[in-house]
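> Kindly generate the corresponding structure for this input.
(2 chains)
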Number of protein chains: 2
Amino acid sequence: MSTEAARTSPAVSGDIVLSIDAMGGDRGVECVVRGMAMSLKKNPRLRYIVHGDESELRQTIRPASQLEARTEVRHAPAVVAMDDKPSRVLRNAAGTSMWSAIQAVKDGESPAVISCGNTGALMALSMLALRKVPGVDRPAIAVNWPSLNPQGYNVLLDGGADIRADADDLVTYAIMGASYARNSLSLKRPRVGLLNVGTEEHKGRSELHEAAERLAAAAPTSDFDYIGYVEGSDMPSERVDVIVTDGFTGNVALKTGEGTAKMIQGLLKEAFSYSSLSRIGALFALTSLKRLQKRIDPRRANGGVFLGLNGTVVKSHGSADATGVSAAIKLAFTLAEHGFTERLAARVAADPASRSREVATGGVTT
Amino acid sequence: MSTEAARTSPAVSGDIVLSIDAMGGDRGVECVVRGMAMSLKKNPRLRYIVHGDESELRQTIRPASQLEARTEVRHAPAVVAMDDKPSRVLRNAAGTSMWSAIQAVKDGESPAVISCGNTGALMALSMLALRKVPGVDRPAIAVNWPSLNPQGYNVLLDGGADIRADADDLVTYAIMGASYARNSLSLKRPRVGLLNVGTEEHKGRSELHEAAERLAAAAPTSDFDYIGYVEGSDMPSERVDVIVTDGFTGNVALKTGEGTAKMIQGLLKEAFSYSSLSRIGALFALTSLKRLQKRIDPRRANGGVFLGLNGTVVKSHGSADATGVSAAIKLAFTLAEHGFTERLAARVAADPASRSREVATGGVTT
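A predicted model of the protein is given here:
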């Protein structure tokens, strides 16, 4: 039995156990399991607790495989559907694979949970089970976006956890986003910008002006550089690493970028199949085109990370294939290895711009 | 003298006079004048009143050319700078080419003004001189975005005139955007969507819910179809023609799309120059690649149009080259030919979802 195998197989020091919700993605269990196997092949330090329909999981995980040996299957009879409202999910959480997967993090069995399921439900259940880090009022979703920076990605947050954000939230997002960039992209001193409709000081909404003032004032003692306002065109730019905005704007920006990239890729395909000449051209340029495709492949940046909770929660795309799931697992592993949850909590408590610091010291916002 | 030439040259019935601010763009007067000449070559019904430094303009417009014969040069000694704050511009408008160009519309000499200058200043001066159409509280900037629709473009508004929009404004944007799509893209019954973070009814902000209800209720008697919420990924999609949002979100979305397209084009260039093979491939596929380039060329969609004022105002990109200026002129001509200003005002007054109708009839918002 794989459960026993996983339980009895000796835990090597340095192993990291990830909790995986196998249900609720658009492509089904098989895809999640293949992603798990892909990751394990590259990284033998991984172990899994996987949550979902036990018989389906056991049929999918190859008997006597490396994956079986390092995976504990935990049965969950119910599934959170993609279109379930968060309020409904909260009332019916018990028995779902998503809830079971989050519980493993709450109970200290695993530092990180990964799910391809319903984003709103995952955030609602994660907040309920894991609770917010002191000093964080609104958790945020951090998303990696392909950029011209050496690290290949910029971080945008909030990608859609909450449609509102006041100045306090934006400042907290900046601190959390910087911490995330340090731990996931190995940037020592990330450059943080506030997303606005122009770079001039007078542009934009009042909460942006207040957040900008506080970040600028705190910058000399912060562990990141505040570079001022950035614009939508800076999403892929190399002058910023972390882009901070509310979850409404962030969500629209991410989906607009994805939609634009998809349209151009479609037109490119069309262009190359237009004539015999262009088809020959495509053949000659195949390697280069594949390199480009890989560079802007959203699957490789798969995984929004919920920031501000007592535990790492990685939301994989609902339509992620095995490559996408594997990318999300890699991200969760990296964060777990760095002790990211604890580091982020410490940053929020310590940063000079943070609200929690103000509360602690009784200081007044400038 | 070109001024006299233009004044004395007999006005053919069907001629349309456009008022052009030649100053304030990033690329200078020469670029604007070349764009004017390009347009005139294709469309002999054009006449111009061009505003700016007279001696510079006379040096640039080729003597005895068709352009000279159909252009009146109007001297304006001052220029609105790209980084001038709108408040400062309002105090110092007199004598600027931008103010002079707008005045020609106000005085009925021309139905439309075109400027490559500072957007905020152009909006402030246009509102001051032309005034808002009854029923419009916040004017909006409509921008064409490359799409997979047969007409090649979708319309997004507000592209950044105002960072706020309440439910009333969003409803007015829908009516104005539909009118604009009918007149500029020749769509009989445009499909209008509200930009949101998801397509489910409960998603998003309260002003969106209210606007959605009113548009849905008015749909049977409106001159457009309300299709519900759309997402950022729908910017280039073929399921919508007019995308309605506040000016903050709209500006970020447009710039994100532009930034993404630019990044991919850069990477594509890189990919094709990577190896000898890929360079050969590019040669074979050259025609197809050029067709793609043309399809997503932002210059061809150049020109944001200010909606809701008593007069048509076309804002060309600050960095527009002659092709871009010519595209903006074409757009202004098309709108002027359709009597767009009057048509839009009539629509706002008549649409069942409109606030002005409610005011007129004493009706209550549902």
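> which non-adjacent residue is nearest A:K132?
A:G308 (5.7 Å; C-beta to C-beta, 6 or more residues apart in numbering or on different chains). C-beta: built from backbone N, CA, C; applies to glycine.
> Where does the stretch 101-250 of chain A get nearest to chain B, which residue?
A:G232 (3.0 Å; C-beta to the nearest C-beta).
> In what element of secondary structure is A:R138 found?
A:R138 belongs to no helix or strand when assigned by DSSP states H and E.
> how many other residues sit next to A:G108?
8 (other C-beta atoms under 10 Å in any protein chain shown).
> what's the answer for A:D351, then?
Applying other C-beta under 10 Å, I find that A:D351 has 25 neighbouring residues.
> right, and it touches A:A219 too?
No - checked against C-beta atoms under 8 Å, the pair A:D351 and A:A219 is beyond contact range at 10.5 Å.
> The residue of the stretch 101-250 of chain A closest to chain B: what's it in contact with?
By C-beta atoms under 8 Å, 6 or more residues apart in numbering or on different chains, the residues touching A:G232 are A:L195, A:A253, A:T256, B:N251, B:V252, B:A253, B:L254, B:K255, B:T256, B:G257, B:E258, B:G259.
> Which of those residues fall in strands?
A:L195 (DSSP state E).
> Generate CSV for the contacts of A:G232, with distance to A:K330 and pLDDT as supplementary columns.
Listed next are the contacts of A:G232 as CSV, based on distance: C-beta to C-beta, whole Å; pLDDT from 0 to 100:
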residue, distance to A:K330, pLDDT
A:L195, 27, 98
A:A253, 25, 95
A:T256, 26, 93
B:N251, 35, 94
B:V252, 30, 95
B:A253, 30, 95
B:L254, 33, 92
B:K255, 31, 92
B:T256, 26, 93
B:G257, 29, 90
B:E258, 31, 87
B:G259, 27, 88
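> now the residue lying closest to A:E54 once chain neighbours are set aside: how far from chain B?
Nearest residue to A:E54 in three dimensions, chain neighbours excluded: A:H75, at 3.8 Å (C-beta to C-beta, 6+ apart). Distance of A:H75 to chain B, computed by C-beta to the nearest C-beta, to the nearest Å: 30 Å.
> Dump the C-alpha coordinates for stretch A:238-256 into CSV.
Extracted in CSV, the C-alpha atoms of stretch A:238-256 (Å, rounded to 0.1, in the frame of the first residue of the first chain):
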residue,chain,number,x,y,z
GLU,A,238,13.6,45.5,-16.3
ARG,A,239,13.3,48.6,-14.1
VAL,A,240,11.2,46.9,-11.5
ASP,A,241,10.9,43.5,-9.7
VAL,A,242,7.7,43.8,-7.7
ILE,A,243,4.6,45.6,-8.9
VAL,A,244,2.1,46.5,-6.2
THR,A,245,-1.6,47.1,-6.9
ASP,A,246,-5.1,46.3,-5.7
GLY,A,247,-6.6,42.9,-6.7
PHE,A,248,-9.1,44.4,-9.2
THR,A,249,-6.5,46.2,-11.2
GLY,A,250,-4.0,43.4,-10.8
ASN,A,251,-6.4,40.7,-12.0
VAL,A,252,-7.4,42.8,-15.1
ALA,A,253,-3.7,43.5,-15.9
LEU,A,254,-2.7,39.9,-15.7
LYS,A,255,-5.6,38.7,-17.8
THR,A,256,-5.0,41.4,-20.4
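> which of the residues in that stretch are buried?
By neighbour count with 16 or more other C-beta atoms under 10 Å in any protein chain shown, stretch A:238-256 contains the buried residues A:240-256.
> one step back: could you report the pLDDT at the residue of the stretch 101-250 of chain A closest to chain B?
pLDDT, A:G232: 95.
> From the structure, what's the count of residues near the residue nearest to A:A93 when sequence neighbours are not counted?
Distances taken as C-beta to C-beta, 6+ apart put A:W99 closest to A:A93, at 4.2 Å, once the chain neighbours are dropped. Applying other C-beta under 10 Å, we find 24 residues neighbouring A:W99.
> Quick check, pLDDT for A:W99.
97.
> and if you look at A:L215?
pLDDT, read off for A:L215, is 95.
> now do A:K262
Reported pLDDT for A:K262: 84.
> my read: it touches B:M235, true?
No - with contact defined as C-beta under 8 Å, A:K262 does not reach B:M235; the gap is 10.5 Å.
> So for the two, which sits in the more crowded spot?
B:M235 (27 against 15).
> so who does the more buried one touch?
B:M235 touches A:T256, A:G259, A:T260, B:W145, B:S147, B:N154, B:L156, B:I243, B:A253, B:G257, counting by C-beta under 8 Å, 6+ apart.
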